[in-house]
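Q: I would like to see how this sequence folds:
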Amino acid sequence: MRIVIVGGGIAGLSTYLFLQKELSPTIARDPPLEMLIYESHKVPKRSDWSEPSLSVPSSFTHGVGGVLGVSPNGVRVLKQLDEELFPDLVNHGYPVKKFNFRNCHGKSLANFPVTDFADPPLHTILISRQALWDALRKRIPDAVILCKRVSGVTPGTTSQRPRIQFADGSSDEVADLIIGADGVKSVVKRAVTGDGNSDAYPAIYEGLVGVGGFMPSSYLPANEPLGTTTMTFGPDGFFGYGACTTVPDISHDAISTCAPGPQAVWWSTYSLKTPPQKDGINKDDIVHQLQNRHASWKDPVIQKVIQEVTIDSIYPTWTTPNLPTWERDGVVLVGDAAHALQTSSGQGVSQALEDAEMLGILIAQHLWNGLNNQREALQLAAKSYCKIRMPRVRKISDYAKRLGDMKRKKGFIGERMMYLFMWLGGRCMFSLSTRALDGRSPRILSKAEIIRPSAPLLLSEEHTTRDVVALRGSCDQKSLA
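A: Numbers count the residues shown, from 1 in each chain. Here you go, the predicted model:
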């Protein structure tokens, strides 16, 4: 059996690791299982580049780049993937207990919890994308990842397996399952939703761009409570900052708050009608615009950053439109290829991790049942994966779009209404939305918890991730139709 993953980012690596975890004890290795990852770029490991300077604010330019928040549901998925990966994640990031929402006039509007409701609770982890990527990458053999650009994918037929085409003109390759983890402008998506040549559902530019980078944690307010990330909103944009590392050489967990390490992060988002061109940005002009946008904002940290920062990159916000399906005849999508979310969701990487775990579990389950040949089992697993995952992601996407509007330029009345919404939300609404996204609902069965059912375990579109969790300890006696 041959499985090929297109894309070597966080979604692709985590999918490989979950498949390896779930399939290793599940299927007979005759024929043997072969899994490969095709990645178009040679991504440097942390050992290949120097750390950014911590003397002044810097831009995101090193390695994989940027900082992301792994929400409690994502942290819990990583913990289920590998108990050793869990402390690696926490020790290279920073546990965040709450977001402090402020307005540009210096007033605190609300403290929004970003901790789940489990026992014990887990916090959100703010971590550099490179550190998370490294933690996953070092668990995968070098020989598995091939630096080769995929130019096209052809779904399978009743008589043929799906095929992969390459940009260098080399011979096509076939696989029993092709997994598209190649991001928001996915090539694999074209095969799932169109004819393979044109993109029937192109990525949507949301009219928002971001800049950001690292800074010394000494810039953070001395009186800021531990485990806090500050997010400031104004009439013409957004500015956030917080610690993204913990104190080195000390073991931490995702349950306790702790003192910041040497590195913190800052980022700013604002409206821009047309997406910037990669080769046409004026770095000095971007800094000048940043300074003008936030010149009157009443926060000493923001003022210090904008006066000292240099900027090398700008990041437009692209999202994936709602797709009719994520799978087709032996081809399936995960992560941003299926559902690139607004950054305001705080769920981008966590939903990719949920995809990886769910797909791995369902493939293992369908192969173990043995009711179909391997190709049919893989296709049925992909269909079950879509029926379970798509409704949940759709709800998160709709919620994130409403939050994303708060970062757009607005007039006097719109600004005041935004502040009122945040103030009220801190007291009632946000706790409800947090419960909808907390670590309980996506706590998916891990390999050790897949109890082999005496009858086939069938999943319909009415069954959610939570239903899969409910099977813990009883799925040897149940059959869901």
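Q: Any stretches of this protein with poor pLDDT?
A: Low-confidence segments of the chain, defined by pLDDT under 70: 25-31, 43-65, 249-256, 370-372, 403-408, 425-481.
Q: can you give me the helices for it?
A: 10-23, 72-81, 85-91, 129-137, 188-193, 283-294, 300-308, 336-339, 348-369, 374-404, 412-424, 430-437, 465-470 (DSSP state H).
Q: so where's the longest strand in the protein?
A: strand 204-216 (DSSP state E).
Q: just to revisit the earlier point, looking at the helices of the chain, which is nearest to Gly330?
A: Closest to Gly330 of the helices of the chain, according to CB to CB: helix 374-404, at 6.0 Å. Every C-beta, even on glycine, is put in place using the N, C-alpha and C of the backbone.
Q: got the buried residues for the closest one?
A: 374-375, 377-390, 392-393, 396-397, 399-400, 403-404 (16 or more other CB atoms under 10 Å).
Q: check contacts around Ala181.
A: By CB atoms under 8 Å, 6 or more residues apart in numbering, Ala181 lies in contact with 5-9, 11-12, 15, 333-335, 337, 352.
Q: Find the pair from the residues you listed with maximum spatial separation.
A: Gly8 and Leu333 (15.5 Å).
Q: quick one, which of these two is more surrounded?
A: Under the criterion of other CB atoms under 10 Å, the comparison of Gly8 against Leu333 puts Leu333 first, with 32 against 26.
Q: Would you mind measuring from the more buried one to Ile37?
A: 15 Å (CB to CB, to the nearest Å).
Q: Likewise for Tyr385?
A: 19 Å.
Q: what does Gly237 give?
A: For Gly237, the distance to Ile37 - CB to CB - is 37 Å.
Q: try Leu89
A: 21 Å.
Q: Spell out the residue ranges of the strands in the stretch 101-250 of the chain.
A: Counting by DSSP state E, counting those that start in this stretch, one finds strands in the stretch 101-250 of the chain at the ranges 108-113, 124-128, 145-147, 150-154, 163-166, 173-174, 177-180, 204-216, 228-234, 237-243.
Q: Which among these is found nearest to Ile286?
A: Among these, the nearest to Ile286 by CB to CB is strand 204-216 (6.4 Å).
Q: neighbours around the nearest residue to Ile286 once chain neighbours are set aside, how many?
A: In this structure, Ile286 finds its nearest non-sequential neighbour in Ile311, 5.1 Å apart by CB to CB, 6 or more residues apart in numbering. Look at Ile311: counted by other CB under 10 Å, it has 22 neighbours.
Q: Check Phe412 too.
A: 8.
Q: got the contact list for the closest residue to it other than its chain neighbours?
A: In space, and not counting its chain neighbours, Phe412 is closest to Pro235: 7.4 Å by CB to CB, 6+ apart. Contact analysis of Pro235 by CB under 8 Å, 6+ apart lists Cys104, Lys409, Lys410, Gly411, Phe412, Gly414, Glu415.
Q: Show me which of these is closest to Cys147.
A: When the contacts of Pro235 are compared against Cys147 (criterion: CB to CB), the nearest one is Lys409, at 41.2 Å.
Q: who touches that closest one in this structure?
A: Pro235, Asp236, Gly237, Tyr270, Ser271.
Q: From Phe233, how far out is it?
A: 12 Å.
Q: Show me what counts as buried in the longest strand of the chain.
A: Those would be Glu206, Gly207, Leu208, Val209, Gly210, Val211, Gly212, Gly213, Phe214, Met215, Pro216, for strand 204-216 by 16+ other CB under 10 Å.
Q: quick one: that strand to helix 283-294, angle?
A: Per axes from the mean of the first three to the mean of the last three CA atoms, to 10 degrees, the angle that strand 204-216 makes with helix 283-294 is 90 degrees.
Q: same for strand 204-216, what does it pack against?
A: If contacts are counted by 3 or more CB pairs under 8 Å, 6 or more residues apart in numbering; DSSP states H and E, strand 204-216 sits against strand 263-271, strand 315-319.
Q: out of those, deepest packed?
A: strand 263-271 (a mean of 22; mean count of other CB atoms under 10 Å).
Q: Given that one, what are its sheet partners and their directions?
A: Paired strands of strand 263-271, with direction, are strand 204-216 (antiparallel), strand 237-243 (antiparallel) (DSSP bridges).
Q: Need the ones you listed in JSON lines (columns: distance to Asp168).
A: Shown next, in JSON lines, are the strands paired with strand 263-271 (distance: least, CB to CB, whole Å):
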{"stretch": "strand 204-216", "distance to Asp168": "30"}
{"stretch": "strand 237-243", "distance to Asp168": "41"}
